[in-house]
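> model the following, please.
(one chain, ligands or ions: 1)
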Amino acid sequence: MKLTLLLLTSFLVQTAFGQDDTIQFYNGQIYHNLHVSGSRYDLFVDFCEFTEALGRDCQQQESQITIVIKGRTLLVDLKKKTAVVNGKTIPLRLQTSENRIFMSVRSLIRIYQPLLSRKLIYEPTSRVLHLAKKKTVSVSMGTGIDGNSFYLQVKHDKLSSKPALQFTDSYLILSFKTPYLRLDTSGVEFSEAILNVNLFDHLPDGTSEIHIELGKNVSSHRVDPYTADSGFIVVRFFGKFKAIKRGDSMTGESDAFGIHRIVIDPGHGGKDEGARGPTGLKEKHVTLLLCRALKRALESHGFDVLLTRESDYHLPLKVRTGFANNEKADLFLSIHLNAIPKPNAWGSETFYLSLNDDISTVDSYTIAFENRDLEEEKVEDIPSEEDLDLNLILWDLAQTEFLEDSFRVARYVQEELNILAGTKNRGVKQAPLKVLQGAQMPACLIEVAFISNPREEEKLRTPIFKSRVVKALTTAIRRYDRDVKERNRGKAPSQQGRQP
Ligand SMILES: [Zn+2]
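Residues are numbered from 1 along each chain as shown. A predicted model of the protein is given here:
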């Protein structure tokens, strides 16, 4: 009997944690000590220490804590003992002691994994909690001709399982169960069968999709038997193709100089969220996704494309224009989503610079919104009125030279977006938009859709709609490029306005 008691107490001593017991959390860069409670087999971790180790504030308001990571929100309700993440409510096991909130390690993993889209692993023997390594899946694509068919070959590395294939609405969509995807399309030659390839990574559900746009003449397809070892997927496309010749260019572009470098500006970013949809979709996130895909689409047509921002951070308006000037871009496009207090407004609008400050009341809301420059509000050193006027005139003059071309670009963009939306309602507009002032190249601002409209917000969440927008914008820019070439044809290179 004595022996049993002794064994039992020594067992408890080994497994129950005291006040200052800690485990370690490795966030990929450094180790953090986290206070724990409970026992080795039912471990509770200091929730705020963990959150702060991820570089986030753990501020409690009433009985709630809100944490935002990568645009996703986690709401912890200490009273109800629940968490809401990605719209799902998850019950939590919590303990509080001496102003610390301890959460069971299982609850912690359940709520943080979807938020971080990374695996969170606790290893009881080493008492280390750590994030699984980011696994970027590499996918390379190539195309070829085999007899009377075009084929697409997709190779992915072994980190990922075979993507799901879905044929829909003139697209072949490959879905990968990872947000981290690197796509190499250098082996792709666009043809009558394959018109375009767009990548959408970091989707909100932690997946990625590759959209392959198929030509009208594709009448059927066949997927070759797949072996997991090879990591190869081969899809063959059959149809009435005009010419199947290796190296046949679909575009037949002339040698005249067109546009070469394009700077694309994903509207807003960082603390400037832009507009917000009725269910919380943020303009800054959608514009970034759209612009990344647009960059890849334009690059596949040989354009040199730069983005003013590559991720979610804030940039003042003049820095965006200045970047395009410094890079000597041939075209500057700022991409936005519209929002006005009327929830029924829908469709696209394309703006180019107006030198006239008179604006119709219809557009004044949009213009005031897009002209807000969060950085400028903090500037204490306000220039004299004289300086300001002179500056504005100089900035305006910079764009004056390009107004006609800006109008042409805006018209092509609006026409393509109208075809997409099946509308002619909204059109090309002129407005005194700050981000266009001072651009030393043709420039326009595109309001792709109304994020304030519940139906448009829903569409904006879908990759297929984003794909269509990217296609419309790509078509518009290629039309403008041909237009420039047409006007430059016959001119000697020295006479041509802009050279690649
Ligand atoms: Zn905007």
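
> Val76 sits in which helix or strand?
According to DSSP states H and E, Val76 maps onto strand 72-77.

> just the C-alphas of that strand, formatted as CSV.
Output of strand 72-77 as CSV, limited to C-alpha atoms (Å, rounded to 0.1, in the frame of the first residue of the first chain):
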residue,chain,number,x,y,z
ARG,A,72,-8.2,36.6,-41.6
THR,A,73,-9.8,37.4,-38.3
LEU,A,74,-9.9,35.3,-35.1
LEU,A,75,-12.4,36.3,-32.5
VAL,A,76,-12.0,34.7,-29.0
ASP,A,77,-14.9,35.1,-26.6
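
> name the residues that touch the next helix or strand after it?
Downstream of strand 72-77, the next assigned helix or strand under DSSP H and E is strand 82-85. Contact partners of strand 82-85, identified using Cβ atoms under 8 Å, 6 or more residues apart in numbering, comprise 72-77, 89-92, 107, 111, 114-115. Quick note: C-beta positions are derived from backbone N, CA and C, even for glycine.

> which of those residues are buried? Put it as a ChimeraX command.
Of the contacts of strand 82-85, the buried ones can be selected in ChimeraX as follows, counting by 16 or more other Cβ atoms under 10 Å:
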select :72,74,76,77,92,107,111,114,115
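
> now render the contacts of strand 82-85 as JSON lines, adding pLDDT and distance to the ion.
JSON lines is the format used below for the contacts of strand 82-85 (pLDDT from 0 to 100; distance: Cβ to the ion, whole Å):
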{"residue": "Arg72", "pLDDT": "82", "distance to the ion": "21"}
{"residue": "Thr73", "pLDDT": "87", "distance to the ion": "21"}
{"residue": "Leu74", "pLDDT": "91", "distance to the ion": "26"}
{"residue": "Leu75", "pLDDT": "93", "distance to the ion": "26"}
{"residue": "Val76", "pLDDT": "95", "distance to the ion": "31"}
{"residue": "Asp77", "pLDDT": "95", "distance to the ion": "33"}
{"residue": "Thr89", "pLDDT": "91", "distance to the ion": "32"}
{"residue": "Ile90", "pLDDT": "92", "distance to the ion": "34"}
{"residue": "Pro91", "pLDDT": "93", "distance to the ion": "39"}
{"residue": "Leu92", "pLDDT": "94", "distance to the ion": "37"}
{"residue": "Ser107", "pLDDT": "93", "distance to the ion": "38"}
{"residue": "Ile111", "pLDDT": "93", "distance to the ion": "32"}
{"residue": "Pro114", "pLDDT": "84", "distance to the ion": "28"}
{"residue": "Leu115", "pLDDT": "85", "distance to the ion": "26"}
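
> check which helices and strands whichever strand or helix holds Ser467 is in contact with.
Using DSSP H and E, Ser467 sits within helix 463-488. Under the contact definition 3 or more Cβ pairs under 8 Å, 6 or more residues apart in numbering; DSSP states H and E, helix 463-488 sits against strand 171-176, strand 194-200, strand 208-214, helix 283-299, strand 331-338, helix 403-421, strand 443-450.

> hey, what's the angle from the shortest one to strand 208-214? Just curious.
This means strand 171-176. Going by axes from the mean of the first three to the mean of the last three Cα atoms, to 10 degrees, strand 171-176 is angled at 160 degrees with respect to strand 208-214.

> quick one: strand 171-176 to chain centroid distance?
Here the centre of strand 171-176 is set off from its chain's centre by 17 Å, with Cα atoms, centre = their mean, to the nearest Å.

> next SSE downstream of that strand?
That would be, after strand 171-176 and using DSSP H and E, strand 181-187.

> ok, residues contacting that following strand?
By Cβ under 8 Å, 6+ apart, strand 181-187 touches 136-143, 153, 197, 199, 201, 208, 210, 296, 300.

> switch to 6 Å and redo it
Applying Cβ atoms under 6 Å, 6 or more residues apart in numbering, the contact partners of strand 181-187 are 136-142, 197, 199, 201, 208.

> contact residues of the stretch 151-300 of the chain facing the ion?
267, 274 (Cβ under 5 Å from the ion).

> residue contacts, Phe303?
Ile262.

> please tell me how far it sits from Ile67.
39 Å (Cβ to Cβ, to the nearest Å).

> same thing with Ser208?
Taken as Cβ to Cβ, the span from Ser208 to Ile67 is 24 Å.

> what about Leu152, helix or strand, and which?
Judged by DSSP H and E, Leu152 forms part of strand 149-156.

> low-confidence ranges, the stretch 401-500 of the chain, go.
423-426, 490-500 (pLDDT under 70).

> of all of it, which residue lies closest to the ion?
Glu447 (7.4 Å; Cβ to the ion).

> go on, the stretch 151-300 of the chain?
Counting by Cβ to the ion, the stretch 151-300 of the chain gets nearest the ion through Gly267, at 4.0 Å.

> what does the pLDDT read for that residue?
For Gly267, the model assigns a pLDDT of 93.

> for it, what are phi and psi?
phi -60, psi 140 (degrees, to the nearest 10).

> nearest residue to it in space, please, no chain neighbours.
His336 (3.9 Å; Cβ to Cβ, 6 or more residues apart in numbering).

> is that neighbour bridged to anything, and to what?
Listed by DSSP bridges, the beta-bridge partners for His336 are Glu447.

> how much space between it and the ion?
Shown here: His336 relative to the ion, a distance of 3 Å by Cβ to the ion, to the nearest Å.

> tell me the pLDDT at that residue?
On pLDDT, His336 comes in at 94.

> verify the stated contact: it with Phe450.
No: here His336 does not reach Phe450: they are 10.8 Å apart, not a contact under Cβ atoms under 6 Å.

> domain ranges for this protein, per the record?
In the assignment given by automatic domain parsing, the structural domains of the chain cover 18-131, 137-239, 261-374+383-495.

> show me what the helix or strand hosting Asp265 is in contact with.
In the assignment (DSSP H and E), Asp265 maps to strand 261-266. Outside of strand 261-266, the residues within contact range by Cβ under 6 Å, 6+ apart are 287-288, 291, 303-309, 320, 324, 327, 329-335.

> do the same with stretch 195-204
Under Cβ under 6 Å, 6+ apart, the answer for stretch 195-204 is 179, 181, 183, 185, 208-213, 215, 293, 296-297, 463, 467, 470.
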